[in-house]
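> coords below, sequence missing:
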């Protein structure tokens, strides 16, 4: 049976999602807005993929952001709903359920409002348990597919006449960049609904249980908060099965914005032989020891925590801060087809200048 999502689930989704955000941005306040709007407007329902018919259409609800954008983004709850409606119109059939491309501070809640208003189920599956820099990494195996897909984007800053509605058709790899461009033009953040696929395909290719994992983690964090930061960090480790890979003071932060709207660079913790280097492309993609030994690599979860146990995004980090690095090895989390797809890695390796695929696909 499905689970009706209620008000107390909103904070759990935001807090659990923030850990799986893996240093990615997203906005907790945006997540709360989406969740509270949904639970007040209707009864969003979380279902397992097995509760849908094999032939039901399932699409991905996503928010696409160009983090370097200094222009004022504006995304309203109605934009997420309109994106689904436009996809249904283009498809000519009803979308039964929505998955999300990745967990995050707001992305864990991307499908709740359409569920409350349109009745599309929130499917307990994700394109990737954790957040990642490129859409291909959450596309559940569609990145290299020649199959024609439909993608929609809705939103933008109304006061500056930047509001955009867009429907595109084509191979995923060819049309995904169009949505990223639209996001930038709209003000830096846009709602999208994309890649309608049969439920049978989603069952085979998505990371199943990804939403309930975020909810369970958030519940454990909320439970531990009254006992302080140590208790929160312990609860995060216990619930995820992860461990603290490193702790210390940030001695160097060298992260820059690229013209492709990515944050790329490194964050160094500690100094000398015990230093650890976090490699960033929007999110934490790898951790190396001082002598260059690889300690953790995407799609494992890598997250920075404050001493209070709060997940810190790359943008929040500053030199001199004390942080903890959580590592949840990929061996113990559900992995989607897209993170096992060799074709998603070359653009990321090129941007970062380090090896990822050799470790990720090992």
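That came in fine, so what should we check first? Predicted, not measured: the structure shown is a model, and the values here were computed from it. Residues are numbered from 1 along each chain as shown.

> Where is the longest strand in the chain?
strand 243-257 (DSSP state E).

> quick one: the following helix or strand past that one to strand 243-257, angle?
In the C-terminal direction, the helix or strand that comes right after strand 243-257 (DSSP states H and E) is strand 263-269. Angle between the axes of strand 263-269 and strand 243-257 is 140 degrees (criterion: axes from the mean of the first three to the mean of the last three C-alpha atoms, to 10 degrees).

> Do a quick rundown of the helices in the stretch 51-200 of the chain.
For the stretch 51-200 of the chain, the helices defined by DSSP state H, counting those that start in this stretch occupy 77-91, 112-118, 172-186, 199-205.

> Mind listing residues that contact the first one?
Where contact means C-beta atoms under 8 Å, 6 or more residues apart in numbering, the residues beyond helix 77-91 that reach it are 33-34, 37-38, 57, 59, 61, 63, 94-95, 98, 110, 113-114, 117-118, 120, 150-155, 165, 167, 169, 190-194, 196. In short, each C-beta sits where N, CA and C put it, glycine included.

> quick one on the thing from earlier: ranking the helices of the stretch 51-200 of the chain by burial, who's on top?
Mean neighbour count, computed with mean count of other C-beta atoms under 10 Å, is highest for helix 112-118 among the helices of the stretch 51-200 of the chain, reaching a mean of 25.

> Show me what it is packed up against.
Applying 3 or more C-beta pairs under 8 Å, 6 or more residues apart in numbering; DSSP states H and E, one finds that helix 112-118 makes contact with helix 28-41, helix 77-91, strand 121-126.

> hmm, who's touching it?
The contact list for helix 112-118 (C-beta under 8 Å, 6+ apart) reads 5, 34-35, 37-39, 41-45, 61, 77, 80-81, 84-85, 98, 120-122, 193.

> again, only this time at 6 Å
34-35, 37-38, 41-42, 44, 77, 80-81, 84, 120, 122 (C-beta atoms under 6 Å, 6 or more residues apart in numbering).

> out of those, what pair is the most spread apart?
Pairwise distances among those were taken by C-beta to C-beta; the largest, 16.7 Å, belongs to 35 and 84.

> all helices of the stretch 201-350 of the chain, in order?
Under DSSP H, counting those that start in this stretch, the stretch 201-350 of the chain gives helices at 210-224, 229-240, 346-352.

> count of neighbours near the nearest residue in space to residue 249 that is not next to it in sequence?
Of all residues not flanking residue 249 in the chain, residue 322 sits nearest, at 5.3 Å (C-beta to C-beta, 6 or more residues apart in numbering). Other residues near residue 322 number 11, with proximity taken as other C-beta atoms under 10 Å.

> again with residue 312
18.

> who's the residue nearest to it when sequence neighbours are not counted bridged to?
Leaving aside its sequence neighbours, residue 312 sits nearest to residue 304 (C-beta to C-beta, 6+ apart; 4.7 Å). Following DSSP bridges, residue 304 is listed with bridge partners residue 312, residue 325.

> ok, now how distant is residue 304 from residue 132?
16 Å (C-beta to C-beta, to the nearest Å).

> ok so, going back, show the buried residues in the contacts of helix 77-91.
Neighbour counting by 16 or more other C-beta atoms under 10 Å classes 33-34, 37-38, 57, 59, 61, 63, 95, 98, 110, 113-114, 117, 120, 150-155, 190-194, 196 among the contacts of helix 77-91 as buried.

> Among these, which lie within strands?
57, 59, 61, 63, 95, 98, 150-155, 190-194, 196.

> Now tell me which helix or strand of the protein has the poorest mean pLDDT.
In the chain, no helix or strand scores lower on mean pLDDT, DSSP states H and E than helix 172-186, which sits at a mean of 90.

> on that earlier part again, among the helices of the stretch 201-350 of the chain, which comes closest to residue 261?
helix 346-352 (11.2 Å).

> buried residues in stretch 315-325?
Buried, per 16+ other C-beta under 10 Å, within stretch 315-325: 317, 321, 323-325.

> Now do that stretch: distance to the chain's middle.
21 Å (C-alpha atoms, centre = their mean, to the nearest Å).

> Equivalent analysis for stretch 295-312, please.
14 Å.

> avg pLDDT for stretch 155-162?
The average of the pLDDT scores along stretch 155-162 is 96.

> Start and end of that stretch, how far apart?
8 Å (C-alpha to C-alpha, to the nearest Å).

> Flag the shaky bits of the protein, pLDDT-wise.
66-71 (pLDDT under 70).

> Give me the domain ranges for it.
3-210, 228-360 (automatic domain parsing).

> and the ones you listed, which is most packed in?
Counting by mean count of other C-beta under 10 Å, the most buried of these turns out to be domain 3-210, with a mean of 22.

> What is the end-to-end distance of it?
End to end - C-alpha to C-alpha - domain 3-210 spans 14 Å.
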